[in-house]
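K.L.:
Just to be clear, the model below is a prediction. Sequence and coordinates:
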Amino acid sequence: MGISSPVVSTPPLAFVNARLLDPATGLDAKGGSLLVIDGRIAAIGGDVRPAKGTEIIDCGGHCLAPGLVDMRAFLGEPGFEEKETLATAGRAAAAGGVTTLVSQPQTDPVMDEPALIGFMAQRARQTCAVNVVSMAAITKGLRGQEMTEMGLLAEAGAVAFTDGVHAVADAQVMRRALSYATAWNLLIVQHAEEPSLTRGSAMNSGEVASRLGLKGAPAMAEVIMVERDVRLAEMTGGRYHAACISTGEAIEAMRRAKARGIRATCGAAAHHFALNENEVGEYRTFAKVTPPLRSEDDRAAVVAGLADGTIDVIVSDHSPQDQESKRLPFPAAEPGIAGLQTLLPLALELVHGGHISLLDLLAKLTVNPARLLGLEAGTLAKGAPADLVLFDLDVPWRISETDLRSKSKNTPFDGRPVQGRVLRTVVAGDTVFDAAAA
Amino acid sequence: MIAPAPAATAATPERYPHRDLLGIEGLTAEQIAYLLDKSESYVAQNRQVDKRSAILRGRTLVNLFFESSTRTRTSFELAGKRLGADVINMSAEGSSIKKGETLIDTAMTLNAMHPDVLVVRHQESGAVALLSKKVSCAVINAGDGSHEHPTQALLDAVTIRRRKGRIRGLLVAICGDILHSRVARSNIHLLNIMGARVRVIAPPTLVPAGASNMGVEVHHDMRKGLAGCDIVMMLRLQSERMQGSFVPSVSEYFHFYGLDYEKLEYAKPDAMVMHPGPMNRGVEIDTEIADDISRSAIAEQVEMGVAVRMAVLDALSERLPNFVPGNGN
């Protein structure tokens, strides 16, 4: 700490011997270097010459990419601190290579007032290791009736609008929200399911649900909502995003909407391409999630939608649930998977399986969500924030519940063999996770 | 319906050729100019001690208001009385309308009493035109639903012309609840016919579908929309539309779409502010602007209202029916 200057400045940081991967520019270069000064990327390329006093990190030929931007993560605060806090979510995110978390508004109080957005940002700066930005509610109290103050919420920092795990069911409300949001070009994110078809459901509708005697949520509930919403987006000119698409038919609807030039995008959660409804097995509540795990055909359709670009974004849909919320009969258990640390290895399965290129995959985890939300993250461009993930693409390991840093450990992936692991996570030039030290 | 116009003689300027005034849409620039010119003479008359003339002496004017109104009804009442007519006010409250009588039956009943002019306000778009088909007297639309309010547009035009000397070429911004506003529609028609450029500024939820095909430029950003404007017309936003259905809240609406001095800075330095009333101070208009006589023409608009309605009655009197019911149909 310098005596002459009151400003604490971290020394420059140089990553050398890296496979640089920037999905924003298509860069994939081995033996590259990247220089970080004052929390931002100062230089990138083959011959970065660090000045004296620069900390050098030898990447050992591993992959250096923009840190992941997770567009859908429930972070517990405020109101559900028994499930998760910004601090514990930040630790899990850092270990998972996620450098920007997009919090969801189904908190208590609900994120429907401008002052709460500022409160979240302040809390996150104080307690969370990674960046946190907030989505605000579309409707007051998530009740699906009255629009929130979207303009003021956006001015306060809300990056998009969603009713979280509640669908905006009323078509007129959705129409007006999409329309109103165009004044500021705001993104409307929908939990796409027609609630009158899914009320009381516990898992995907079909043979498995029938054998288990569980009430099913039909795939068509998602298809109907996506079909309706893209029409409303077309009518209003609004920007629509389906948060977690999980069915082949809905993906097909999205494909058609995009072909028509409608401003519609969609995301998929890692568990929707990594698992199918059979995972529910003998009433495993860790496999209960909304939208539910679907049929094998639907799972394969999600993979295909990711491969052909119909699905723009991959999210963790991180939904931490404490034991009391999961140790219940299946219909009574809360839905949700704690997904921050399993996001990258599960996504990399698509690369190792030959379904998608590494750069295309990383785009869905970095630059695509960043652009949808208007964030400057998600790229290795000079001047961009030095939010980085260094990962070993190939190392095999097993996911273990005990390694999870989230306050809640509700994962159906315990024991799953995966390939590819985070070595280091950097936020604004500061290392927030180092596997060697962990 | 509009009665067939008699052949205009070549020498005289075009006068007002219709039996009724149901809307601005369909009028010509000459007809509007004729009404505006006539209004000017009544402005002078209304500033004298004796404001009366006898154009409508012996005639009966019925104010038939299905929707409550103070300003417009009073304005028509004064206009009629100053022109010598007998004026009757009928409102929906305490009348047979409340007892379930249909609009057409009400019209037939009134018609049998031989009124000369019916001034009608109704909450449903198109209701005044429907009523006009069933009566043999002159009908003036005093506002029908979200459709038209022609005398408001005329009084706005007189106000503009008196302050700015012209209408042609002016840039006019109409701000607020365009979707539900009959004032906005009548003004959009009139200003287009008279050669002004019109912008509408509103949140997207309050812009009617197809607005850009109605001769207006649509803006959602007040600062961009007001840039270079000569006239800023504010519209009233009803409170039930500010609770989250069309607009999330009063505070958000005022923040982005309320007229304050900061936003008014983007208009021309001599831009004139108008409001058809009644105002929601602090919702669509800052209270100081509303009271700023150098910027706001709101009081003048009310004054022009009486003159315009006298001019319209005067113009219509030229072809009032004589006596026999049904001869206009």
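P.N.:
Noted; the coordinates are in hand. Note that the structure is predicted; figures quoted are calculated from it, not measured.
K.L.:
neighbours around residue B:319, how many?
P.N.:
17 (other Cβ atoms under 10 Å in any protein chain shown). (C-beta placed from N, C-alpha, C; glycine too.)
K.L.:
To clarify, my last question referred to residue A:281.
P.N.:
So residue A:281, with other Cβ under 10 Å, has 11 neighbours.
K.L.:
Please look at residue A:311 and residue A:248 and confirm they touch.
P.N.:
No: taking Cβ atoms under 8 Å as the definition, residue A:311 is not a contact partner of residue A:248, at 11.6 Å.
K.L.:
and for these two, which residues touch both?
P.N.:
residue A:302 (Cβ atoms under 8 Å, 6 or more residues apart in numbering or on different chains).
K.L.:
okay, the two: which has more neighbours?
P.N.:
residue A:311 (26 against 20).
K.L.:
Check the gap between that one and residue B:109 for me.
P.N.:
Residue A:311 sits 66 Å away from residue B:109, going by Cβ to Cβ, to the nearest Å.
K.L.:
For the residue in the stretch 51-200 of chain B that chain A sits nearest to, grab the count of nearby residues.
P.N.:
In the stretch 51-200 of chain B, the residue found nearest to chain A is residue B:179; the distance is 10.7 Å by Cβ to the nearest Cβ. Around residue B:179 there are 20 other residues, counting by other Cβ under 10 Å.
K.L.:
for it, what are its contacts?
P.N.:
With Cβ under 8 Å, 6+ apart, residue B:179 has these contacts: B:146, B:202, B:205, B:206, B:207, B:208, B:246.
K.L.:
Pull out the buried positions in the top helix by length along chain B.
P.N.:
Looking across chain B with DSSP state H, the single longest helix is helix B:298-317. By neighbour count with 16 or more other Cβ atoms under 10 Å in any protein chain shown, helix B:298-317 contains the buried residues B:298, B:300-317.
K.L.:
What is the nearest of the contacts of residue B:179 to residue B:268?
P.N.:
Distance to residue B:268, by Cβ to Cβ, is smallest for residue B:202 among the contacts of residue B:179, at 20.5 Å.
K.L.:
Now the nearest residue to the closest one once chain neighbours are set aside: which helix or strand?
P.N.:
Spatial nearest neighbour of residue B:202, chain neighbours left out: residue B:178 (5.0 Å); criterion: Cβ to Cβ, 6 or more residues apart in numbering or on different chains. Using DSSP states H and E, residue B:178 sits in no helix or strand.
K.L.:
show me what contacts the closest residue to chain B within the stretch 251-400 of chain A?
P.N.:
Distances between the stretch 251-400 of chain A and chain B by Cβ to the nearest Cβ are smallest at residue A:263, namely 13.7 Å. Contact analysis of residue A:263 by Cβ under 8 Å, 6+ apart lists A:233, A:237, A:238, A:239, A:240.
K.L.:
Secondary structure added to the residues you listed, as CSV?
P.N.:
Listed next are the contacts of residue A:263 as CSV, based on DSSP: H, G, I helix; E, B strand; the rest coil:
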residue, secondary structure
A:233, helix
A:237, coil
A:238, coil
A:239, strand
A:240, strand
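K.L.:
Just the buried subset of these, please.
P.N.:
A:233, A:238, A:239, A:240.
K.L.:
Distance-wise, check the second one relative to chain B.
P.N.:
Residue A:238 sits 8 Å away from chain B, taking Cβ to the nearest Cβ, to the nearest Å as the criterion.
K.L.:
where does chain A dip in pLDDT?
P.N.:
A:1-9, A:46-47 (pLDDT under 70).
K.L.:
And the residue of it that's closest to chain B?
P.N.:
residue A:146 (2.2 Å).
K.L.:
pLDDT wise, what is the residue nearest to residue B:202 at?
P.N.:
At residue B:178, the model reports a pLDDT of 96.
K.L.:
how about it, what does it touch?
P.N.:
Counting by Cβ under 8 Å, 6+ apart, residue B:178 has contacts B:184, B:200, B:202, B:206, B:207, B:208, B:211, B:235.
K.L.:
which pair in the residues you listed spans the largest distance?
P.N.:
Among the contacts of residue B:178, B:211 and B:235 lie farthest apart (Cβ to Cβ), at 13.7 Å.
K.L.:
These two: who's more crowded?
P.N.:
Between residue B:211 and residue B:235, residue B:235 has the larger neighbour count (other Cβ under 10 Å), namely 24 against 17.
K.L.:
now the more buried one, nearest residue through space, not along the chain?
P.N.:
With Cβ to Cβ, 6+ apart, the residue lying closest to residue B:235 is residue B:176, at 3.5 Å.
K.L.:
same thing with residue A:168?
P.N.:
Nearest to residue A:168 is residue A:174, by Cβ to Cβ, 6+ apart, at 4.6 Å.
K.L.:
Between the contacts of residue B:179, which sits nearest chain A?
P.N.:
Using Cβ to the nearest Cβ, those come closest to chain A at residue B:205, 4.8 Å.
K.L.:
Would you mind measuring from the closest one to residue A:357?
P.N.:
42 Å.
K.L.:
if you count what's nearby, which of the two comes out ahead?
P.N.:
Higher neighbour count among residue B:205 and residue A:357: residue B:205, with 23 against 14, using other Cβ under 10 Å.
K.L.:
Distance of that one relative to residue A:137?
P.N.:
From residue B:205 over to residue A:137 (counting by Cβ to Cβ), the distance is 17 Å.
K.L.:
re the thing from before, save the contacts of residue B:178 as JSON lines, and put in pLDDT, secondary structure and distance to residue A:295 too.
P.N.:
Formatted as JSON lines, the contacts of residue B:178 follow (pLDDT from 0 to 100; DSSP: H, G, I helix; E, B strand; the rest coil; distance: Cβ to Cβ, whole Å):
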{"residue": "B:184", "pLDDT": "97", "secondary structure": "helix", "distance to residue A:295": "52"}
{"residue": "B:200", "pLDDT": "98", "secondary structure": "strand", "distance to residue A:295": "50"}
{"residue": "B:202", "pLDDT": "97", "secondary structure": "coil", "distance to residue A:295": "46"}
{"residue": "B:206", "pLDDT": "97", "secondary structure": "helix", "distance to residue A:295": "44"}
{"residue": "B:207", "pLDDT": "96", "secondary structure": "coil", "distance to residue A:295": "43"}
{"residue": "B:208", "pLDDT": "96", "secondary structure": "coil", "distance to residue A:295": "45"}
{"residue": "B:211", "pLDDT": "93", "secondary structure": "helix", "distance to residue A:295": "46"}
{"residue": "B:235", "pLDDT": "96", "secondary structure": "coil", "distance to residue A:295": "53"}
